[in-house]
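1. 3D, please:
(one chain, ligands or ions: 1)
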Amino acid sequence: MPICPFFNNCKWIEKYSSTNGARINLYIKNYCKGDSLRRCVRKKVSEKLGGREFIPDNMQPDGKPVKGTNDSEWSEEVKEIIRSIREIQHMKN
Ligand code: SF4
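-> Below is the predicted model of the structure:
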């Protein structure tokens, strides 16, 4: 199974793994080291905006804010990418 090339310096993991260990480990299993790797919204934001500096630290790989945080500081570009990903997913379902 492939591992995300950003795994060793993903800000979301660095910042939240000590306080949200079990939850983060589940995401890591499914996204960073699992079948959903290509669906990681963090990676998609980086690819679309041209760098990982544009990814909000508190964004999970599913595009939602970490529990107990919110998206109030996320840029409109990031929110638009998430909206378009959700629209595509909605059309597929
Ligand atoms: S959260 Fe996304 S960007 Fe970060 S290591 Fe996992 S798959 Fe890669």
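
2. pull the residues that contact stretch 54-67.
-> Contacts of stretch 54-67 with the rest of the structure, by Cβ atoms under 8 Å, 6 or more residues apart in numbering, involve 11-12, 15-16, 20, 23, 27, 30-32, 36, 39-43, 45-46, 69, 71, 73-75, 77-78, 82, 85-86. For glycine as for every other residue, the C-beta is placed from the backbone atoms N, C-alpha and C.

3. give the rounded mean pLDDT of that stretch.
-> Average pLDDT, stretch 54-67: 97.

4. buried residues of that stretch, list them for me.
-> By 16 or more other Cβ atoms under 10 Å, the buried positions in stretch 54-67 come out as 55-56, 58-61, 63, 66.

5. can you tell me the SS state at Gly68?
-> Of the three states, Gly68 takes coil according to DSSP: H, G, I helix; E, B strand; the rest coil.

6. may I have stretch 43-57 exported as PDB, CA atoms only?
-> Coordinates of each C-alpha in stretch 43-57 appear next as PDB, following Å, rounded to 0.1, in the frame of the first residue of the first chain:
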ATOM      1  CA  LYS A  43      -3.400  17.000  -0.900                       C
ATOM      2  CA  LYS A  44      -5.900  18.300  -3.400                       C
ATOM      3  CA  VAL A  45      -5.800  21.800  -1.900                       C
ATOM      4  CA  SER A  46      -2.000  21.700  -2.100                       C
ATOM      5  CA  GLU A  47      -2.100  20.600  -5.800                       C
ATOM      6  CA  LYS A  48      -4.700  23.100  -6.800                       C
ATOM      7  CA  LEU A  49      -3.300  26.100  -5.000                       C
ATOM      8  CA  GLY A  50       0.400  25.300  -5.700                       C
ATOM      9  CA  GLY A  51       1.800  24.500  -2.300                       C
ATOM     10  CA  ARG A  52       1.300  23.000   1.100                       C
ATOM     11  CA  GLU A  53       1.500  26.400   2.800                       C
ATOM     12  CA  PHE A  54      -2.100  27.000   1.600                       C
ATOM     13  CA  ILE A  55      -3.500  24.000   3.500                       C
ATOM     14  CA  PRO A  56      -5.100  24.900   6.800                       C
ATOM     15  CA  ASP A  57      -3.400  23.000   9.700                       C
END
